[in-house]
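my questions concern the predicted model and sequence given below.
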Amino acid sequence: MALDKPYLDVPGTTIFDAEQSRRGYHLNQFCMSLMKPENRERFKANERAYIDEWPMTEEQKEALLARDLNRCIGLGGNIYFLAKLGATDGRSFQYMAASMTGMTQEEYMQMMVNGGRSVEGNRYIGEKK
Amino acid sequence: MAKVTASVYTSHVPAIGVAHDFGKETEPYWNPVFKGYDASKAWLLNNKPDVVFLVFNDHASAFDLDMIPTFAIGCADHFNPADEGWGPRKVPVVQGHPVLAAHIAQSVIQDDFDLTIVNKMDVDHGLTVPLSLLVGNTDAWPFKVIPFAVNVVQYPVPSGRRCYMIGKAIRKAIESFDEPLKVQVWGTGGMSHQLQGPRAGLINKAWDNKFLDQLIDDPETLSKKPHIEYVREAGSEGIELVMWLIARGAMSETKKPRVAHRFYHVPASNTAVGHLVLENT
C-alpha cells in the first residue's frame, strides 16, 4: 500500500525521507567522510579513485563528480551532507544554493536581499504563476 | 523546586555565527540582524537562568546517516563545539547539567516519549549560534546548557503536536526537580527557508509572522498544523519550526506569557530570522 507522502507535489523540492535516505546512504556517508582533512586530500588528489571506494551507483558518482546538486538530491543526497562537498571545493553555501536554482550567486543573493523567493506560484507543481 | 521562568525562540543560521566570529556585526548587511538581539541580551542579563534547556537540531555534525535519533537529550557534563568543516567555532565549551538532564530523561521517558540518552556529543551551529546571539562574546557561557537534539533532517520528523506534548512533559519533569533552579527552554531553527532544489531561497514573511502570533496566543491550535503546510508555505527547512513548539509546550498552561521581545528580519544568508522572548508571569 502506498504510504502517505503529501509533499510530492511541492515544486522544486525533494523531501529527504526514509526512502531517499536508504537510496542515498553511501552518497551521504561519502560526503560525511570529507569532514576529515586526510580524506579531503585523497579526494582532491584523485576524485574518481576516492569516489570508487564507495559502493554507489554510477549515476550517483557522476552526479557528484559533476557537482550537479539537484541530481545528487534526486538520487538520495541530503543538502546538509552535500554542503560538505561544497566546503571541500571552497564554495559558500549561497554558491551551492544558487547552483540549484539556475541563478548566478549574485542573482541569488540579490533575490534574498529583496525578500527571497515568493511562495506565490510555488506551492504546487503545475500551478499557474 | 525548579521552575521554567521563560522561553526564547530564535533562528540558528550558520552564517550568523560566521558573521559574529569574524566581527561583521556592524556591517550594513548584518547590523539589522544583530541589533534585533540587543534587547534580548539586556533582558538575559537581568533574567539569568541557572540552566537553559536548548532545543536544536544537528546538521550532519554529531549524527551521520549511521544513526539519527528523533529526540536526544545531552546528559554529559560538557559538550564541545563541533567541527563543521572549517574547524570548530572559537566559542566556549558548553557546560551541561548531567543531574537535571538525567532527571528529565527519566521523567519524560516514563511519560511515554522515547528519548535517546547521549553522553558524548559535539554541538554544532544549531546550538552555539543562539548562545552567541543572546550572550555575545564571552570566555564562558553564563549558565549550564542541556542540549536537546531533534531530528528535523530525515523525514518523517516528529509532528508539531508531538513536539508540543513533549514540551509539556519536559516542563513537568523540570518542575519535579528538587533544587530551586531557574530554567529557560529555548526553541531554535527556522523561520521560513529552503536550502535545496530549484525552489531554494523561499521566504514567506506573512506565514512566519502569523506563526509568531499564533505561537504566542494559541499554541494549542498551532501544534496541529501538519508538516505539509510547513513544507509548502515555509520551505523544506522551515520544518525546523516544530522545535519552537517544544519550548512553547514547556511554558505555563494556565497563564498567558508576557512578550518580552519580538523581532523578525529577512534575510540572513538564505533564511528569515525570527526571534521571541516569552516570560512566564
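Ah, there it is.

are stretch B:254-271 and chain A in contact anywhere?
Yes: against chain A, stretch B:254-271 shows contacts by Cβ under 8 Å from any Cβ of the partner chain at B:266-267, B:269-270. Backbone N, C-alpha and C define where each C-beta goes, glycine included.

nearest to chain A, of the residues you listed?
residue B:267 (4.3 Å; Cβ to the nearest Cβ).

what's the single longest helix in chain B?
Looking across chain B with DSSP state H, the single longest helix is helix B:160-175.

who's in contact with that one?
Contacts with helix B:160-175, where a contact means Cβ atoms under 8 Å, 6 or more residues apart in numbering or on different chains, come from B:1-4, B:53, B:71, B:100, B:103-104, B:106-108, B:111, B:113, B:148, B:150, B:158, B:181, B:183, B:185, B:219-220, B:222-227, B:230, B:242-243, B:245-251, B:253.

cool, stretch A:38-51 as well?
The contact list for stretch A:38-51, computed with Cβ under 8 Å, 6+ apart, reads A:30, A:33-34, A:61, A:64-65, A:88.

then stretch A:63-83?
Outside stretch A:63-83, the residues within contact range by Cβ under 8 Å, 6+ apart are A:14, A:16, A:20-25, A:27-32, A:47-48, A:51, A:56-57, A:59-60, A:85, A:89, A:93, A:96, A:99-100, B:59-60, B:64-65, B:85, B:153-154, B:195-198.

and the residues you listed, which of them are in helices?
Using DSSP H, these in helices are A:20-25, A:27-32, A:47-48, A:51, A:59-60, A:85, A:93, A:96, A:99-100.

residue of chain B closest to chain A, please.
Taking Cβ to the nearest Cβ, chain B has residue B:203 as its residue nearest chain A, at 2.7 Å.

show me what contacts that residue?
Contacts of residue B:203 (Cβ under 8 Å, 6+ apart): A:112, A:115-119, B:192-193, B:235, B:266-267, B:271-272.

before we move on, back to that, which parts of the longest helix of chain B are buried?
B:160-171, B:173-174 (16 or more other Cβ atoms under 10 Å in any protein chain shown).

what mean pLDDT would you report for it?
Taken as a whole, helix B:160-175 has an average pLDDT of 98.

what residues does the helix or strand just after that helix touch?
For helix B:160-175, the following helix or strand on the C-terminal side (DSSP states H and E) is strand B:182-188. With contact meaning Cβ under 8 Å, 6+ apart, strand B:182-188 is reached by B:2-12, B:48-57, B:100, B:126-127, B:129-130, B:167, B:170-171, B:174, B:240, B:243-248, B:250-251.

longest strand in chain B, by residue count?
strand B:258-268 (DSSP state E).

list the contacts of it.
A:112-113, A:115-116, B:6, B:11, B:13, B:15-16, B:30, B:32-33, B:36-37, B:39-40, B:43, B:191, B:203, B:205, B:208-209, B:212, B:216, B:272-279, B:281.

same thing but 6 Å
A:112, A:115, B:13, B:16, B:32-33, B:36, B:39-40, B:43, B:203, B:272-277, B:279, B:281 (Cβ atoms under 6 Å, 6 or more residues apart in numbering or on different chains).

name the residues of it that are buried.
Within strand B:258-268, the residues that count as buried by 16+ other Cβ under 10 Å are B:260-268.

which neighbours in the sheet does it have, and how are they oriented?
Its sheet considered, strand B:258-268 pairs with strand B:271-279 (antiparallel) by DSSP bridges.

which residues touch the residue of chain A found nearest chain B?
Sorted by distance to chain B under Cβ to the nearest Cβ, the residues of chain A start with residue A:116, at 2.7 Å. Residue A:116 makes contact with B:201, B:203, according to Cβ under 6 Å, 6+ apart.

what does it show for phi and psi?
With angles defined as degrees, to the nearest 10, residue A:116 sits at phi 90, psi 180.

residue B:145 too?
Main-chain torsions, residue B:145, degrees, to the nearest 10: phi -130, psi 130.

report the beta-bridge partners for it.
residue B:52.

so which residues of chain B form helices?
For chain B, the helices defined by DSSP H cover B:14-21, B:31-35, B:38-46, B:98-110, B:125-135, B:160-175, B:205-217, B:219-222, B:227-234, B:242-249.

determine which stretch of these is the most buried.
Mean neighbour count (mean count of other Cβ atoms under 10 Å in any protein chain shown) peaks for helix B:242-249 among the helices of chain B, with a mean of 28.

in PDB, list the C-alpha atoms belonging to it.
Taking C-alpha atoms only, helix B:242-249 is exported to PDB below (Å, rounded to 0.1, in the frame of the first residue of the first chain):
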ATOM      1  CA  VAL B 242       8.300  22.400  15.000                       C
ATOM      2  CA  MET B 243      11.100  22.700  17.600                       C
ATOM      3  CA  TRP B 244       9.700  26.000  18.700                       C
ATOM      4  CA  LEU B 245       6.600  24.100  19.900                       C
ATOM      5  CA  ILE B 246       8.700  22.200  22.400                       C
ATOM      6  CA  ALA B 247       9.700  25.400  24.100                       C
ATOM      7  CA  ARG B 248       6.200  26.700  23.900                       C
ATOM      8  CA  GLY B 249       4.800  23.500  25.400                       C
END
